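> I would like to see how this sequence folds:
(chains A and B)
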Number of protein chains: 2
Amino acid sequence: MAIIPTYEIDLVKAKTSKINDVDFNNLTFGRVFTDHMFVCDFKDGEWQKPQIMPYQAMTIDPSARVFHYGQAVFEGMKAYKDEDGKVFLFRPDQNFERINKSSARMAIPEFPKDYFFKGLETLLKLDSEWIKPGVGNSLYLRPFVIATEPAISASPANEYRFMIICSPAKAYYNEPVRVLFAEKFSRSADGGVGFAKAAGNYGAQFYPTSLAQKKGFQQIIWTDASTHDYLEEAGTMNIFFRIGDKLITAPNNDRILDGVTRKSVIQLAEDLGIECEVRRVSVKEIKDAAKNGSLKEIFGAGTAAVISPVSAFEHAGDVFEIPEEENSYATLFKSTLLNIQHNLAEDKHDWRYEVK
Amino acid sequence: MAIIPTYEIDLVKAKTSKINDVDFNNLTFGRVFTDHMFVCDFKDGEWQKPQIMPYQAMTIDPSARVFHYGQAVFEGMKAYKDEDGKVFLFRPDQNFERINKSSARMAIPEFPKDYFFKGLETLLKLDSEWIKPGVGNSLYLRPFVIATEPAISASPANEYRFMIICSPAKAYYNEPVRVLFAEKFSRSADGGVGFAKAAGNYGAQFYPTSLAQKKGFQQIIWTDASTHDYLEEAGTMNIFFRIGDKLITAPNNDRILDGVTRKSVIQLAEDLGIECEVRRVSVKEIKDAAKNGSLKEIFGAGTAAVISPVSAFEHAGDVFEIPEEENSYATLFKSTLLNIQHNLAEDKHDWRYEVK
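As a prediction, the model looks like this:
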């Protein structure tokens, strides 16, 4: 597959649009999808001609490996529209690189860059009415790859499907969240797939998270599986701690997702003259800081949630409420990011990608 | 859902059978399926009326959570036929209990016991021609549950599908396998989902296993993720070591699958007067035993593979060939198990379950 053939997409347009049935002021995350989807199958050792077609259910064999062995990866991205109707993506190169890193770890063939970008752009142009202007509005894009080969041997499939589906979105978490620091359950192991957006990483969190929710905490901050002494990430978000005026976040490793919002926050901190340490963060350090009053903020950073402030955490039976911070970094980073994403602020790092 | 309604299955029979197209002497594992499949959907808070229908592809929304978050579990079982045409399952109660343990960990609703057994039995009676008599022949049964709700929010689904598909099988690994002891990659973490037959546990092994295969080793023996000093399981099999005349296998924990074949081997060892220690096994102990000649055998135990002897292992660049053992425990356990499964030997523990 050294040479990618001349680019073409088979395009079948939807006869009618569903857009008028959608209440854009009352969106539940990830439940409504636009009129079209992008589909590209891998078989006979190569990615076939991509297609865009009306969003629809698909036919798949019950023995497809995705159902049995979770051989599947995904990405999360957003498209934004400015007041002039221009459409932007945010650092899509990062998502492209990461989906292929995830795929490599899950023994899935990498997807060609031009297919990825042309697919995204063609889809966004077709469904551009679904992207509403205004800060906070976006179109959530979900590229994903699933193993479709109909055979249940426990080995990498020979057939895959790459798809992009799109769902109009408001910010994922609107209210500050209360979190629990994991003491027993784990998200991932050294040498595992935690750094990848592998499907199974997410389903594995549902049960521990449901236990946390029963205790009144919406999310879990995962700790290292070996000792549970170090804070890692929140499963759908990376996590930042502010002690005094200093920001701290865990370093990337093979257990922690290399988040696009995370790395953007680290860069913005540098731009804004905020000290940001990328190093291990212990539970003890954060509890001590909460006790002595130097813990000013905790917030999550992720594409779906953007920046999600944490209002309280629990560990070993101790609950710490985090007082609202007047000069909040979370608020600053959120507005800075949203302004860049929506073409309302200078984009000195070339993060915006206009879909023309 | 306290009271399960009177049992009924909606049954649509296949108009013709595919059985004459199948070469039962040349079966690739998991590629050919029988004429029928069992399907039961969960929605509105309960399992709906089960169905048996012709094996066929199904229609599913691209936003189904199984594709994105790996919310899926499975089981592996086999049906056997004796020379009188009687059909048997082997300890199906164990598979039933385990699929619900897996489901609980993956936030999937548990499946009712009578649906599970009536589904299996009705399916096996319909497709009984697909079960060939003779030791080594079996019908591999794959119960599995997938999250089907069409919404990509990262939370447990409200809709699921439980299915059973069936594939005629010969023994999974016919030749002794060469294995690699994991030094860097991991299968699961403490507090994770390694004990569950969660789909994502399997896809996550494909890439490290493909690297092992390039080095000439078919399988990986996973070690503990924290230190890589202790041997755990083989991903599709539990693992037994024989030092002198003593058998050793790792204890169950939240990283290791509670294998039905594993627990049967432990019981058979007791029956046969073979000492079996269930305790942590270090890499060092096995390497030392290989060096001093006391390591007599390593073998895997699992439903698909039954008993799979290991002929060599590699660790840290050292390769140890395991000489063929004349009075092999692997051979003894394999024939003892197969004879019980095929109704050729006394079944003192009531492991056989006749499908009448």
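> List the contacts of A:F313.
Taking CB atoms under 8 Å, 6 or more residues apart in numbering or on different chains, we find A:F313 in contact with A:178-181, A:221, A:286, A:290, A:298, A:319-320, A:322. Backbone N, C-alpha and C define where each C-beta goes, glycine included.
> elements contacting the helix or strand where A:S103 lies?
Using DSSP states H and E, A:S103 maps to helix A:92-105. Judged by 3 or more CB pairs under 8 Å, 6 or more residues apart in numbering or on different chains; DSSP states H and E, the packing partners of helix A:92-105 are strand A:72-74, helix A:113-126, strand A:138-147, helix A:260-272, helix B:199-214.
> One more pass at 10 Å, please.
On a contact count with 3 or more CB pairs under 10 Å, 6 or more residues apart in numbering or on different chains; DSSP states H and E, helix A:92-105 meets strand A:72-74, strand A:77-81, helix A:113-126, strand A:138-147, strand A:160-169, helix A:260-272, strand A:352-355, helix B:199-214.
> Mind checking the pLDDT average for that helix?
Helix A:92-105 shows a mean pLDDT of 98.
> swap in stretch A:343-356?
In this model, stretch A:343-356 has a mean pLDDT of 97.
> How much space separates A:E297 from chain B?
Look at A:E297 and chain B: by CB to the nearest CB, to the nearest Å, they are 23 Å apart.
> Give me the buried entries from the contacts of A:F313.
A:178-181, A:221, A:286, A:290, A:298, A:320, A:322 (16 or more other CB atoms under 10 Å in any protein chain shown).
> Report the buried residues of the helix holding A:S103.
Buried residues in helix A:92-105, defined by neighbour count with 16+ other CB under 10 Å: A:92, A:94-96, A:98-103, A:105.
> Could you do stretch A:47-65 as well?
Buried residues in stretch A:47-65 (16+ other CB under 10 Å): A:47, A:50-53, A:55, A:58, A:60-65.
> Take those residues and lay them out in a markdown table including secondary structure.
Shown next, in a markdown table, are the buried residues of stretch A:47-65 (DSSP: H, G, I helix; E, B strand; the rest coil):
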| residue | secondary structure |
| --- | --- |
| A:W47 | strand |
| A:P50 | coil |
| A:Q51 | strand |
| A:I52 | strand |
| A:M53 | strand |
| A:Y55 | coil |
| A:M58 | strand |
| A:I60 | strand |
| A:D61 | coil |
| A:P62 | coil |
| A:S63 | coil |
| A:A64 | strand |
| A:R65 | helix |
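> same for chain B: which of those are within range?
When contact is defined as CB under 10 Å from any CB of the partner chain, these meet chain B at A:55, A:58, A:60-65.
> Determine which two of those residues are furthest apart.
A:Y55 and A:S63 (25.1 Å; CB to CB).
> what sits against A:I220?
A:179-183, A:185, A:187, A:205, A:208-209, A:211-213, A:233-235, A:314 (CB atoms under 10 Å, 6 or more residues apart in numbering or on different chains).
> filter the residues you listed by proximity to chain B?
Near chain B, by the rule CB under 10 Å from any CB, you find A:182-183, A:185, A:187, A:205, A:208-209, A:211, A:213, A:235 out of these.
> what residues does the stretch 201-350 of chain A put near chain B?
Contacts of the stretch 201-350 of chain A with chain B, taken as CB under 10 Å from any CB, map to A:201-211, A:213, A:222-228, A:235-236, A:254-255, A:304.
> go with 6 Å
Residues of the stretch 201-350 of chain A lying close to chain B (CB under 6 Å from any CB of the partner chain) are A:202-204, A:206-207, A:210, A:225-226, A:236.
> Reformat these into JSON lines and put distance to A:S282 next to each item.
Shown next, in JSON lines, are these (distance: CB to CB, whole Å):
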{"residue": "A:Y202", "distance to A:S282": "26"}
{"residue": "A:G203", "distance to A:S282": "28"}
{"residue": "A:A204", "distance to A:S282": "24"}
{"residue": "A:F206", "distance to A:S282": "27"}
{"residue": "A:Y207", "distance to A:S282": "26"}
{"residue": "A:S210", "distance to A:S282": "27"}
{"residue": "A:A225", "distance to A:S282": "15"}
{"residue": "A:S226", "distance to A:S282": "13"}
{"residue": "A:T236", "distance to A:S282": "23"}
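> can you tell me which two in the residues you listed are farthest apart?
Maximum distance among these (CB to CB): 24.4 Å, for A:S210 and A:S226.
> Which one's more surrounded, these two?
More crowded of A:S210 and A:S226, by other CB atoms under 10 Å in any protein chain shown: A:S226, with 18 against 12.
> How about the contacts made by the more buried one?
B:S226 (CB atoms under 6 Å, 6 or more residues apart in numbering or on different chains).
> that older thread, need the contacts of A:F313 in a markdown table with secondary structure, distance to B:F195 and pLDDT, can you?
Below are those laid out as a markdown table (DSSP: H, G, I helix; E, B strand; the rest coil; distance: CB to CB, whole Å; pLDDT from 0 to 100):
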| residue | secondary structure | distance to B:F195 | pLDDT |
| --- | --- | --- | --- |
| A:R178 | strand | 29 | 97 |
| A:V179 | strand | 26 | 98 |
| A:L180 | strand | 22 | 98 |
| A:F181 | strand | 23 | 98 |
| A:I221 | strand | 23 | 98 |
| A:I286 | helix | 30 | 98 |
| A:A290 | helix | 34 | 98 |
| A:I298 | strand | 31 | 98 |
| A:V319 | strand | 30 | 98 |
| A:F320 | strand | 32 | 98 |
| A:I322 | coil | 35 | 97 |
